[in-house]
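1. one predicted model, sequence on top.
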Amino acid sequence: LRLTPTITWQRTRYGSALVSRSFLPGLSMADRQLLNTGETESNSTGNGRSIYNNLLLMRKFRREGRTLSANLNTVFSDGPTEAFNRSVNTLYDSTGGHSNTIRLDQRNNQATYGLQNTLTVSYTEPLSLTRKLEFNYAYSTSRNQAARDVADFNESTKAYDRPNLPLSNQFGSVFTTHQAGATLQNRRLRYTYALGVSVQQAELQVENRSVDTSLSRAYMNVLPNALLSFSFPGNRSIRLQYRTRITAPSITQLQPVVDNTNPLNRRLGNPMLRPEYYNTVTLTYNSSGSLDGKSLFLFAGFNQSNNRIATATTISSEGVQTTQPINVGGYWAGNGTLSLNRRIAPIKLNVTLTTNATMSRALSLINGQANIAHTSSIGQSLRFQSNYNDRFEYGLSGTATYQRATYSLLPQQNTSFWAYYATADM
């Protein structure tokens, strides 16, 4: 029996100032038409606490390889935040004239609460000296609440005593899952493979207490997993793994209330969001030589989702943006790392050469039209690390990275650039 509790307190202060000007595109700077201008100042203070607890119970039986384990994981968090938002925004009509100035001076009191409990039970039965069958069951419930109370400044009373009901809201969500599955594992001298599948029944309940409405939706998912690994002479190994996972939308993504911290770029939740389903494939290769001081590490990963939570942005004629999360398909992302290390024993120097690369494709909506974003990067780093003697160590490293991003609907926002980074320590 093992109990691992963790308690954290924190206090935060945040301040920001934003000045913006938006234009319609033109042939020259003089031809551009002004859409809006904005000056926003935001300040907030908050207190937070979080409690994490893990309780593990394990039992072994007389038969070799037969085990039973139960794990209870609890995560609790809450914290109030008080924020003040002051802004002056000017909107222009289609001709660039007839401006309309909007002034805001608001206080925003927010309180959040979250409690997640996950109980996992696993039973392993040996079938032979090399094979075993594992049965597992997991029950999880995640409860979240968010209360948002916005009030406008009253010039006559010099206090924030004018409730802003359209921007205030009390909202709650409960995400519950039952998951049961089995995994068959075969372990040999040089290789291991495992095949498994789980069935998950999930329910997402949302409750908008401000308007006394609630909604409940049920989901059924099949979650396969697989593992294949080989070990070779000379401290070499390779591992290929496939897994699936479900990610529930957050309370911020679900709460149907406008966040106007930046009045020219507003955010709005979506209570109709569905949980995300991801497929993940990873490949890992390791090779190390204790005699020659050489090592090689290779990692490659790929993620894919057909219902990833992305954004839908609506832009008004005055250039005011309203962004809302939605489920869309067509997402994938890949990343890879290749690292070579060599130790030069006579001068006690380690030389590490590392190459990183990423690629991704993501879909979003702008005024109802699909905007496909492709991003890629490749970076090369070199590090020297020396333990010259027992009293003196030093390290030198440098990295050069090329990044590129293209957008199908907004090609004027395409970017590409180099980034350089260097460090020294001793």
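-> Structure's in. What do you need? Numbers count the residues shown, from 1 in each chain.

2. quick check: buried residues in the helix or strand hosting residue 59?
-> Element membership for residue 59, per DSSP states H and E: strand 33-60. Within strand 33-60, the residues scored as buried using 16 or more other Cβ atoms under 10 Å are 34-38, 40, 42, 44, 46. Where C-beta positions appear, they are placed from N, C-alpha and C, glycine not excepted.

3. same thing with stretch 73-89?
-> 73, 75-77, 79, 81, 83-85, 87, 89.

4. return the subset of those lying in strands.
-> Applying DSSP state E to the buried residues of stretch 73-89, the entries found in strands are 73, 75-77, 79, 81, 83-85, 87, 89.

5. out of those, who's nearest residue 297?
-> residue 73 (30.6 Å; Cβ to Cβ).

6. count of neighbours near residue 7?
-> Residue 7: 10 surrounding residues under other Cβ atoms under 10 Å.

7. could you give the bridge partners of residue 309?
-> Under the criterion DSSP bridges, residue 309 forms beta bridges with residue 327.

8. gap between it and residue 326?
-> 7 Å (Cβ to Cβ, to the nearest Å).

9. so what sits against both of the two?
-> Taking Cβ atoms under 8 Å, 6 or more residues apart in numbering as the criterion, residue 309 and residue 326 both touch residue 273.

10. show me the helices in this structure, by range?
-> 251-254 (DSSP state H).

11. point to the residue nearest the middle of it.
-> residue 247 (10.0 Å; Cα atoms, centre = their mean).

12. now do it, the pLDDT please.
-> Confidence at residue 247, expressed as pLDDT, is 94.

13. residue 300 now?
-> 97.

14. if it is in a bridge, with which residues?
-> Beta-bridge partners of residue 300, as defined by DSSP bridges: residue 283, residue 336.

15. pretty sure it contacts residue 338?
-> No: Residue 300 is beyond contact range of residue 338, at 9.1 Å (criterion: Cβ atoms under 8 Å).

16. CSV please, covering the ones in strands among the buried residues of stretch 73-89 and showing pLDDT and distance to residue 212.
-> Shown next, in CSV, are those (pLDDT from 0 to 100; distance: Cβ to Cβ, whole Å):
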residue, pLDDT, distance to residue 212
73, 95, 33
75, 95, 29
76, 95, 27
77, 94, 27
79, 91, 26
81, 95, 25
83, 95, 27
84, 95, 30
85, 94, 28
87, 94, 32
89, 92, 33
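
17. hmm, which two among those residues are most spread apart?
-> 73 and 89 (45.4 Å).

18. give the buried residues for stretch 133-145.
-> 134, 136, 138, 140, 142-145.

19. mind checking which of those residues land in strands?
-> Short answer: the buried residues of stretch 133-145 in strands (DSSP E) are 134, 136, 138, 140, 142-145.

20. which one of the residues you listed is nearest to residue 348?
-> residue 134 (45.9 Å).

21. contacting residues for that closest one?
-> Contacts of residue 134 by Cβ under 8 Å, 6+ apart are 122-125, 182-185, 196.

22. count of neighbours near residue 167?
-> 18.

23. give me the nearest residue to it, chain neighbours excluded.
-> Leaving aside its chain neighbours, residue 167 sits nearest to residue 150 (4.0 Å; criterion: Cβ to Cβ, 6 or more residues apart in numbering).

24. and the one you found, how far is that from residue 106?
-> Counting by Cβ to Cβ - residue 150 and residue 106 are separated by 6 Å.

25. follow-up on the earlier one: for the buried residues of strand 33-60, give me CSV that also has pLDDT and distance to residue 161.
-> CSV is the format used below for the buried residues of strand 33-60 (pLDDT from 0 to 100; distance: Cβ to Cβ, whole Å):
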residue, pLDDT, distance to residue 161
34, 85, 36
35, 87, 34
36, 89, 30
37, 91, 30
38, 92, 26
40, 93, 23
42, 93, 21
44, 94, 20
46, 94, 22
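
26. of those residues, which is the nearest to residue 262?
-> residue 40 (5.7 Å).

27. so how far is residue 81 from that closest one?
-> Taking Cβ to Cβ, one finds residue 40 at 18 Å from residue 81.

28. next one: residue 397
-> Counting by Cβ to Cβ - residue 397 and residue 81 are separated by 39 Å.

29. equivalent analysis for residue 356, please.
-> Counting by Cβ to Cβ - residue 356 and residue 81 are separated by 36 Å.

30. tell me who's in contact with residue 312.
-> 323-326, 364-366, 368.

31. all strands of the stretch 301-426 of the chain, in order?
-> 308-315, 321-328, 331-344, 349-366, 369-387, 393-407, 415-425 (DSSP state E, counting those that start in this stretch).

32. circling back: quick check: chain neighbours aside, which residue is closest to the residue nearest to the centre of the chain?
-> Per Cβ to Cβ, 6+ apart, closest to residue 247 is residue 276, 4.4 Å.

33. how many residues are close by residue 391?
-> For residue 391, using other Cβ under 10 Å, the count is 6.
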